[in-house]
Structures are given as structure tokens and as C-alpha cells.
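Trainee: Below is the sequence, then the predicted model.
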Amino acid sequence: MKKILFVTRLLHTGGIEKSLYETIQIIKSEDVKITIAVFVEKGDMVDLFSKECDIIDLSKDFQIACNKAKYLFGYLSNLRFISFLKGVFTRLYEMIFVSQRKKEMRRISRMPILKEEFDIAVSYHDPYSRCVPYVSNNVIAKEKYTWVHRDVMTDPDTRSVKLYGSIFNNFKIFMK
């Protein structure tokens with residue numbers, strides 16, 4: 001049995017979600033087990049998707065990864081004051097100078113790796129979303145794909161193209 005994972009941000013009624021639902025309808029069979037990992041579990045299409053496949057809620061792990069206070073005060077609990085100060089200054093620097101996309105990538109790096117292994121893993125959202133680094137770094141799969149629904153080469157945000165360019169090398173890319 002093939003095991004396929006789709007990672008997306010949320011399951012609200014929208015173009016990406018409708019496209020994902022149609023994709024699942026095309027590939028579902030008795031020989032395929034489909035799982036969706038979602039960063040925001042709530043949404044008006046959750047019930048529809050849960051009838052078709054398993055859903056993994058990543059929201060709790062992502063919230064923990066976003067909780068900077070936990071990491072800062074973790075330094076204090078170990079009595080590593082210099083490390084604590086370094087953490088404070090690092091966080092201040094990030095707040096002022098680091099792009100939101102880099103912050104997202106750091107948060108993803110703090111999340112645990114999924115225990116289940118898959119034959120195929122697909123990042124199925126915006127090409128510069130948290131789904132891309134999550135599939136790249138936190139999912140064990142024989143093949144990894146990203147579904148790109150816009151032209152990343154003509155994107156005016158060239159910083160994102162540079163930042164994500166190296167990550168895209170880990171994927172086979174679907175273009176809509």
C-alpha cells in the first residue's frame with residue numbers, strides 16, 4: 001500500500017483546498033492511504049477531508065515552536081545566563097531585521113519530525129509557506145514534491161526566491 005502525505009496550512013474553502021480535494025478524489029484507491037498534515041486544523045472543509053483521509057494536526061507543535069518565551073526561559077532554568085543573554089539579543093535582532101519567512105523556517109526547525117514514514121510527501125500550499133520547509137526537513141519520505149500554484153521566477157519578492165531556492169532543490173516540483 002502506498003502512503004501519501006499532503007501538508008497544507010489550513011482546510012478552509014478556498015482554491016488551494018478545493019484543488020487538494022479534487023487531487024485526492026483522483027488518486028484515492030484501496031492501494032493508497034492518504035494523510036493530510038495541517039497547520040490550522042479548524043476549517044469548514046475538515047469534515048469533508050476527514051471522510052477521505054487521516055488528518056494530522058500540526059497546530060500544537062507549531063504553537064510550541066512559536067513560543068519564544070519557552071526557549072528564552074529554558075536558558076535560565078539551566079543557569080546559563082550568557083546563553084540567555086545571547087538568546088535575548090538574538091530574538092531582538094530577529095524582531096527588527098529578520099524576514100517573516102526566515103522566522104517561519106526557524107520555527108519549523110524546532111518542530112518534531114513526523115514518526116510515520118511515507119512513500120510520497122507533497123507540500124501543497126503557497127510556494128513560500130511553512131509547508132515547504134516542513135516537508136523538506138520534518139517528513140521522512142521516499143519522494144518529496146511541492147505543488148506550486150504561481151510563477152516563483154517572476155515573483156517580486158526576490159528574497160523569498162533566494163531563501164527558498166535551496167530548499168526547492170529537495171523536491172520534484174508540480175507547476176499549475
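Mentor: Great, that's in hand. Residues are numbered from 1 along each chain as shown.
Trainee: Show the average pLDDT along stretch 169-176.
Mentor: For stretch 169-176, mean pLDDT is 62.
Trainee: and if you look at stretch 143-151?
Mentor: 78.
Trainee: Please apply the same query to stretch 117-128.
Mentor: 85.
Trainee: Going by secondary structure, Val122 is in what exactly?
Mentor: Using DSSP states H and E, Val122 sits in strand 117-123.
Trainee: What helices and strands are in contact with that strand?
Mentor: Contacts defined by 3 or more CB pairs under 8 Å, 6 or more residues apart in numbering; DSSP states H and E place strand 117-123 against strand 2-10, helix 131-138, strand 140-148. From N, CA and C alone the C-beta is placed, and that goes for glycine too.
Trainee: most packed of those?
Mentor: Highest mean neighbour count of those: helix 131-138, a mean of 23 (counted as mean count of other CB atoms under 10 Å).
Trainee: now the angle between strand 140-148 and that helix, please.
Mentor: 170 degrees (axes from the mean of the first three to the mean of the last three CA atoms, to 10 degrees).
Trainee: Compute the inter-axis angle for helix 131-138 and strand 117-123.
Mentor: Counting by the same axes, to 10 degrees, helix 131-138 lies at 160 degrees to strand 117-123.
Trainee: Could you check the angle helix 131-138 makes with strand 2-10?
Mentor: Going by the same axes, to 10 degrees, helix 131-138 makes 130 degrees with strand 2-10.
Trainee: I'd like the next helix or strand past the helix or strand containing Phe39.
Mentor: Taking DSSP H and E as the criterion, Phe39 maps to strand 32-40. The helix or strand immediately downstream of strand 32-40 is helix 46-52, counting by DSSP H and E.
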